[in-house]
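S.K.: structure for this input, please:
(chains A and B)
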Amino acid sequence: GEDVEQSLFLSVREGDSSVINCTYTDSSSTYLYWYKQEPGAGLQLLTYIFSNMDMKQDQRLTVLLNKKDKHLSLRIADTQTGDSAIYFCAESIGLRNTDKLIFGTGTRLQVFP
Amino acid sequence: NAGVTQTPKFQVLKTGQSMTLQCAQDMNHNSMYWYRQDPGMGLRLIYYSASEGTTDKGEVPNGYNVSRLNKREFSLRLESAAPSQTSVYFCASSDRTGAGSYEQYFGPGTRLTVT
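M.R.: Numbers count the residues shown, from 1 in each chain, chains lettered A, B, ... in the order given. Prediction:
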């Protein structure tokens, strides 16, 4: 079945790098996504990676994909207090004329000074 | 350009009451979705609409109905609310990009409590 797993918590010092990990089960997923949720808000799309890529960099964000192990990670360089939030990874499952997303449980990132 | 809007932001219902959650998008997207978010469980898909005039069940459709009123609006109805439906409800919309992905954009959520 479709399943996405993430660790629940990560705590880092301001200025350090954060690495959030995710594993997924559906090898047919075409796209994998990272979303950010701040308290009391909806989900904000951060970045995504196509399944035939193994790395994508977008400013402070680096996404690594190991398709063989079905492992996805999000690295945030120079982590700031404003990065404190819950981060969700999601795999896309193709449907007729659209996709659906299967979300992980989310990783709560806490950044301390 | 407001993106995805949802009303109401908060709602308290008694068991057995009914209500409709409203969602609208101004991005001219074809696809719209309803999710619920429960602590420690991520988001789960309730219903989706791939295009105007079509709706399909997601992972957790029981106790809900939906209407795709037009391309902009997608509503979620609880006919007889139960405490198990206490949750935060998110609406999202998407369309196929040039790269072939369907990037979903989310509304701010409706926090529903059923007593």
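
S.K.: quick check, pLDDT for the closest residue in space to A:Gly94 that isn't next to it in sequence.
M.R.: Nearest non-adjacent residue to A:Gly94, counting by CB to CB, 6 or more residues apart in numbering or on different chains: A:Thr30, 6.6 Å away. C-beta here means a position set from N, CA and C on the backbone, and glycine is covered the same way. A:Thr30 is assigned a pLDDT of 83 by the prediction.

S.K.: neighbours of A:Thr30, just the number please.
M.R.: A:Thr30 sits with 16 neighbouring residues when counted by other CB atoms under 10 Å in any protein chain shown.

S.K.: what of the one 4 residues further on?
M.R.: By other CB under 10 Å, 24 other residues sit near A:Trp34.

S.K.: mind telling me what element it is part of?
M.R.: With elements delineated by DSSP states H and E, A:Trp34 resides in strand A:31-37, which encompasses its position.

S.K.: hey, what's the angle from the lowest-mean-pLDDT helix or strand in chain A to strand A:31-37? Just curious.
M.R.: Sorting the helices and strands of chain A by mean pLDDT, DSSP states H and E puts strand A:98-103 at the bottom, at a mean of 88. What separates the directions of strand A:98-103 and strand A:31-37 is an angle of 60 degrees, with axes from the mean of the first three to the mean of the last three CA atoms, to 10 degrees.

S.K.: next helix or strand past strand A:98-103?
M.R.: As assigned by DSSP H and E, the chain's next helix or strand after strand A:98-103 is strand A:107-112.

S.K.: and that following strand, how far from the chain's centre?
M.R.: Its chain's average C-alpha position is 14 Å from that of strand A:107-112, according to CA atoms, centre = their mean, to the nearest Å.

S.K.: just want the angle from it to strand A:31-37.
M.R.: In terms of direction (the same axes, to 10 degrees), strand A:107-112 departs from strand A:31-37 by 50 degrees.

S.K.: partner strands of strand A:107-112, with direction?
M.R.: Listed by DSSP bridges, the sheet partners of strand A:107-112 and their directions read strand A:9-13 (parallel), strand A:85-95 (antiparallel).

S.K.: enumerate the positions of the shortest one that are buried.
M.R.: In other words, strand A:9-13. The neighbour-count criterion (16 or more other CB atoms under 10 Å in any protein chain shown) identifies A:Leu10, A:Val12 as the buried residues of strand A:9-13.

S.K.: cool, thanks, talk later.
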